[in-house]
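Visitor: give me the fold of what follows.
(one chain, ligands or ions: 1)
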Amino acid sequence: MKVIIINGSPRNQGITATTLHVLEKELLDSGVKVDFVSLAEIEMAHCLGCCSCFMTGHCCIRDDAEKLSELIAEADGIILGTPTYASNVSGLMKDFIDRGHFVIEQLLHGKACVIVATGENYGNKDAAKVLKKLVIYSGGKLSGSIVFKAPFNIMATEKQVVDHGGKNSRIEYRDFRNDALNHINKKCRKAARKMIRDMHSGKAHPMQSLIHFIVLNIGIRSFVRKKGKLYQGVIDKWTKLGIYGSFHFSMRTTYEVAYGILDSLCCMRFKHVIMITSHADPQHQIAVEKDVWKS
Ligand SMILES: Cc1cc2nc3c(=O)[nH]c(=O)nc-3n(C[C@H](O)[C@H](O)[C@H](O)COP(=O)(O)O)c2cc1C
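Guide: The predicted structure follows:
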């Protein structure tokens, strides 16, 4: 098993990098091979918008960003981390998203993914949303998302000044580093475990699979078909992944989605639920009864 961790913060000692290194340690301790890449340290030009990658399957700029995309295609899992900049991902991360062949080439197809978004005030959820969408639209499985707020430079500053404000305003000096690390450790352990489980089981996440199904089959497929030879690079990649052709919705995914819907109905306290889904092959007909499912 191999995971690639990508740090989208320009600061290698910041809270984003700290969180990503904790995840790295959790994975290494479980015997997973890890490559840690800081986008600030690689050679990465902006996307030129030439669209030649759609036709050829590779970027016309042969720099480290292109090599990193090739590494991601071979990995079993990806972790993407970013600080929040103006309620969005960092410029470095955005450049990599533009260069990385993610959505149109389905780069993360079937891979387990974790996203990390840090911020100090407002907007970290928006940054996280960008990464979550990227993962799901690119065919990845979102095993975990670590999204939290922390004072800027928290890991580098021994004592932070705190003003409790209000009528009884008083200034206090506090060391938040241990609090932050405890918080990060707990979240990272949980996400790393889930990621390892997802890499081993190959199980789909029902809701995510459904969203991906809609995006791929309704949003992208006919668009790519219409482009024909201009998108030959994309078609070749889809063929390699086994997703070119008509609607792509594997039997496994069908089961997962059916079970997911059934489970939700059970939670809604329906007394008796029978779900029948059909497939062209009669052997694939499933009849699931709530009581059987529950047992
Ligand atoms: C240019 C810039 C813009 C920022 N914009 C936001 C923001 O919109 N919302 C927020 O919560 N924090 C914002 N921050 C704070 C950082 O997101 C936050 O401190 C982050 O955790 C820093 O991560 P790092 O230590 O890995 O660099 C901004 C910081 C910078 C330098």
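Visitor: straight-line length of stretch 105-118, end to end?
Guide: Using Cα to Cα, to the nearest Å, the span of stretch 105-118 from its first residue to its last is 28 Å.
Visitor: which residue does this protein have closest to the ligand?
Guide: Closest approach between the chain and the ligand, counting by Cβ to the nearest ligand atom: G14, at 2.3 Å. Heads up, the C-betas are built off the backbone N, CA and C, glycines and all.
Visitor: my guess is that residue contacts P83, does it?
Guide: Yes: using Cβ atoms under 8 Å, G14 is in contact with P83, at 6.7 Å.
Visitor: can you pull the residues that touch both of those two?
Guide: Contact criterion Cβ atoms under 8 Å, 6 or more residues apart in numbering; residues shared by G14 and P83: T118.
Visitor: these two: who's more crowded?
Guide: P83 (25 against 21; other Cβ atoms under 10 Å).
Visitor: beta partners of that one?
Guide: T118 (DSSP bridges).
Visitor: number of residues surrounding R170?
Guide: The number of residues packed near R170 is 9, by other Cβ under 10 Å.
Visitor: dihedrals phi and psi, it?
Guide: Note on R170: its backbone torsions stand at phi -150, psi 150 [degrees, to the nearest 10].
Visitor: kindly report the same for the one 3 residues further on.
Guide: Y173 adopts backbone torsions of phi -110, psi 120, taken as degrees, to the nearest 10.
Visitor: how about it, what does it touch?
Guide: Taking Cβ under 8 Å, 6+ apart, one finds 159-162 in contact with Y173.
Visitor: and the closest residue to A191 other than its chain neighbours, helix, strand or coil?
Guide: Leaving aside its sequence neighbours, A191 sits nearest to G144 (Cβ to Cβ, 6 or more residues apart in numbering; 3.1 Å). Under DSSP: H, G, I helix; E, B strand; the rest coil, G144 falls in the strand class.
Visitor: was I right to think G144 contacts I196?
Guide: No: counting by Cβ under 8 Å, G144 stays clear of I196, with 10.8 Å between them.
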